[in-house]
Structure formats: C-alpha cells, structure tokens
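**Q** Output the structure for:
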Amino acid sequence: MLRCIRWFVLACLLPLVATAKPRARELGIPFEGTPGKLNAITDVAGVEVGHVTLISGEGKLEVGRGPVRTGVTAILPRGKDFTGRVFAARHNLNGNGEMTGASWLDESGCLGSPILLTNTHSVGVVRDAVIAWYNQRHPKGGYNGDISLPVVAETWDGFLNDIDGFHVKREHVFAVLDSVRGGPVAEGNVGGGTGMIALGFKGGIGTSSRVLPLEEGGYTIGVLVQANYGRRPNLHIAGVPLGNAFPDLMPTRGAPRDGQGSIVIIVATDAPLLPHQLKRVAQRAGLGVAIVGGRGENSSGDLFLAFSTAAAEEISKDEDLAHLQMLPNDRINPIFNATANATEEAIVNAMIAAETMKGVDGNTVPAIPVDRLLSILKEHNRLSPAPAGR
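**A** Presented below is the predicted three-dimensional model:
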C-alpha cells in the first residue's frame, strides 16, 4: 500500500514541474485581463494545491474493482502548516451538489480547514480523513475547531469511474494533503477532475489568475475549477459559438444528458475583503461559467467558494480587538471582473489540458480537438499572437 501511495503522489507531482501541453492562452486564445506569473490560483501568496489521481483497469464495470477514473484535489489557503482562519463565503448558482462545512462557513464567515474536491460518493471518506490527518499533525490539539467541519465538495464521475466502488481511501487524502505545494498546478485529467466531463468534452481541473494594476490595488485573484457541467449546444470559447462545430465528437451512448453535471469553483485573493464582500465575489464566478456556456441547469451542482488571505493573522487572534482593513465597495468592481475572467479561462484551460478518456464499460469522452478549435477561432479572427518566448 505504501508503494501505491508513493506512486500516486509521484505521478501527480511530476506534472506540477512543467505542463506538457500548451495552455489556452499560449495557443493564442484571447482572454481579458493580465494573469499572474503562473496563471494559477497559486499566484495568490500562500495558496498550495495538490492532486492524487487514481486510474486503473479497463473494460466491463465490476463494482469495487473498477475501472477506476477518479481522485482528490486539495487547496490549502495558507499552506499545510497554517492553523488559523481566513475570511470566506460561498454561493450556489444551483445547489444540486454537496459542500460539507457550508453551514459553519455561512455562520462564521471564516474558513479554517483545507478545501478538498473529489467525486460525489467519496465526500464522506474524504471529510473523515481530513479530520484524521489534522489530528495526526496536532495530537495535542492546538488547532482551530473548524477542522471538525472541513470543506469537501464534489462532482459526479460515474460515467467513466466505478463511483460505487469507493476507491478514494483515507491514505489518498493523507497523501494529497502531505503533497500540496505552491507553483504550477496540473490541469485536466487529474485529482478530483480525473473522470469529469465539461460541455460534452473531457473536462476536469483548470486554473487561472489575474493581477490588477497598481491603480486598482495590485491585488491578485486566483481561480481553480473542477469542471463537470454544461450543455454542448451552449459551448462558447473566445465568444465563438461551438455547439454544432464537432458533431463527430460526442461521448459514447449513455453519457449524462446535457446539463446533468456540476462545477465547483474556488476563488482566492489577497485583497482585504470581508465575508459579505467575498460572497459577492463568489457570485461573479457564475458569470465566467455562463461565458463558456453554463446556465445553472436544474440538475447541476454549481458551488462556489471565495476566500481572502489578507487578514489571516489578525482574525486568528483570540484576544483583544482585531484591527481589520476592508476594500471599499466602490473599489470592488475590478475584482468582480477579474473573477469572471479568470473563471472563464480556468474552464477553458481544463478542457484544453484534458485528454480523451475511456472508462467503465468502454464509455468514452473525447477531448476537445485543439487543432480544429484553433482553426475555427482563426476563421472568426479570434486568435491572438502567441506570447513572447512561446
């Protein structure tokens, strides 16, 4: 088992060093705003991310044996050694999904746990494992009580994955939490996004960031998505309608109907925002979802969470008064814009990074054909020059 854990951690750390495929912006797909150095949620100082990806078996579904196409992703707002809280808030565009710890998040306006993303049927084991991991690291206590109510969110990967086999185990959660780090973030068929579908193509994990100009505060906004949502007829990239562009590339028969999916979005920022402002920021992630083609369908779990790292030390004090700074509401529009724009790009990055995947019973979901996509965008005069040095 230990060898297996090591293999999963190694397999997920290697893609963090260098992204094998060009990302959407590097291909010339245009997006609004200026990204950070990594164009990832980890551009927000202190944020760390890790993935454990579980892929094994092929052929006929045997519940408990596979095929397995799933995993878990962890986002830690201030790294694994931080035991305080950050301000946070959430928003449901449509609530056909699960995010544990949400009631206390709403009540307190604070987040004091890691955020983990996985498949629908693994929420329970992941939640329990987060508590056990934290207890192991702090055997004498000394951590905030929020860890008893950790945030774990899900999307459904049962078309490709043996979801009833409960293949995400406690040891995988320990491995992903131990492996989180800053730096580049792997995208596509990794972590919690391994078996996910977006707008009729292979989806998964995607990320992006924006840095505001100094006259707007110079703040950084980072977004990470687990994209498993949407209807192919609504697909737009760079403003170009693509719903009918690839009729020869559809998931095999039996795939979830259009709109039967979900997307989880995590927004991080270093801007000094209070919880009620962060709820407004989380709402704007839905605009990025809509730009690419989401409509918050009835059966979709569109769950968004936003947090700010700005006041972590101050709000973690348990004595005297906390002295806080707050960005005035009249200066928040650039953050709204950045959130929508980074969300749009993160979703497209997830689709560009994803590879065609075959799963249970031979069910297959195609990757979006990048060469054909670029050709269509070029016909619509929607390609930008490649960035210098690319």
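**Q** Quick check: Gly66 touching Ile55?
**A** No - contact criterion Cβ atoms under 8 Å: Gly66 and Ile55 do not qualify, at 9.4 Å. Any C-beta I mention is one placed from the backbone N, CA and C, and that applies to glycine too.
**Q** Using the three-state scheme, assign the residue nearest the centre of the chain.
**A** When Cα atoms, centre = their mean is applied to the chain, the residue found nearest the centroid is Val225 (2.6 Å). What DSSP: H, G, I helix; E, B strand; the rest coil gives for Val225 is strand.
**Q** which residues of this structure fall in helices?
**A** 2-17, 102-108, 123-137, 170-179, 275-292, 312-315, 333-353, 370-379 (DSSP state H).
**Q** any idea which of those is most buried?
**A** With neighbours taken as mean count of other Cβ atoms under 10 Å, the helices of the chain reach their highest mean count in helix 333-353, at a mean of 26.
**Q** what about that one, distance to the chain center?
**A** 11 Å (Cα atoms, centre = their mean, to the nearest Å).
**Q** which secondary structure elements does that helix contact?
**A** strand 197-198, strand 204-211, strand 220-228, strand 262-269, helix 275-292 (3 or more Cβ pairs under 8 Å, 6 or more residues apart in numbering; DSSP states H and E).
**Q** Which neighbouring elements make contact with the fourth one?
**A** When contacts are defined as 3+ Cβ pairs under 8 Å, 6+ apart, strand 262-269 sits against strand 115-119, strand 151-155, strand 220-228, helix 275-292, strand 301-308, helix 333-353.
**Q** To Thr194, which of the ones you listed lies closest?
**A** strand 115-119 (8.5 Å; Cβ to Cβ).
**Q** Now do that closest one against helix 170-179, angle only.
**A** Between strand 115-119 and helix 170-179, the angle comes out at 140 degrees (axes from the mean of the first three to the mean of the last three Cα atoms, to 10 degrees).
**Q** pLDDT of strand 115-119, averaged?
**A** Regarding strand 115-119, the rounded mean pLDDT is 98.
**Q** what does stretch 181-194 give?
**A** 98.
**Q** Output the helices of the chain in a markdown table; the columns should cover distance to Ile147.
**A** Shown next, in a markdown table, are those (distance: least, Cβ to Cβ, whole Å):
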| stretch | distance to Ile147 |
| --- | --- |
| helix 2-17 | 22 |
| helix 102-108 | 11 |
| helix 123-137 | 4 |
| helix 170-179 | 11 |
| helix 275-292 | 19 |
| helix 312-315 | 15 |
| helix 333-353 | 27 |
| helix 370-379 | 41 |
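**Q** mean pLDDT lowest for which of those?
**A** Minimum mean pLDDT among the helices of the chain: helix 2-17, a mean of 43.
**Q** Make JSON lines from the helices and strands packed on strand 262-269 and add distance to Gly97 to it.
**A** Formatted as JSON lines, those follow (distance: least, Cβ to Cβ, whole Å):
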{"stretch": "strand 115-119", "distance to Gly97": "11"}
{"stretch": "strand 151-155", "distance to Gly97": "6"}
{"stretch": "strand 220-228", "distance to Gly97": "10"}
{"stretch": "helix 275-292", "distance to Gly97": "13"}
{"stretch": "strand 301-308", "distance to Gly97": "2"}
{"stretch": "helix 333-353", "distance to Gly97": "17"}
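**Q** now stretch 150-163: how far from the chain's centre is it?
**A** 13 Å.
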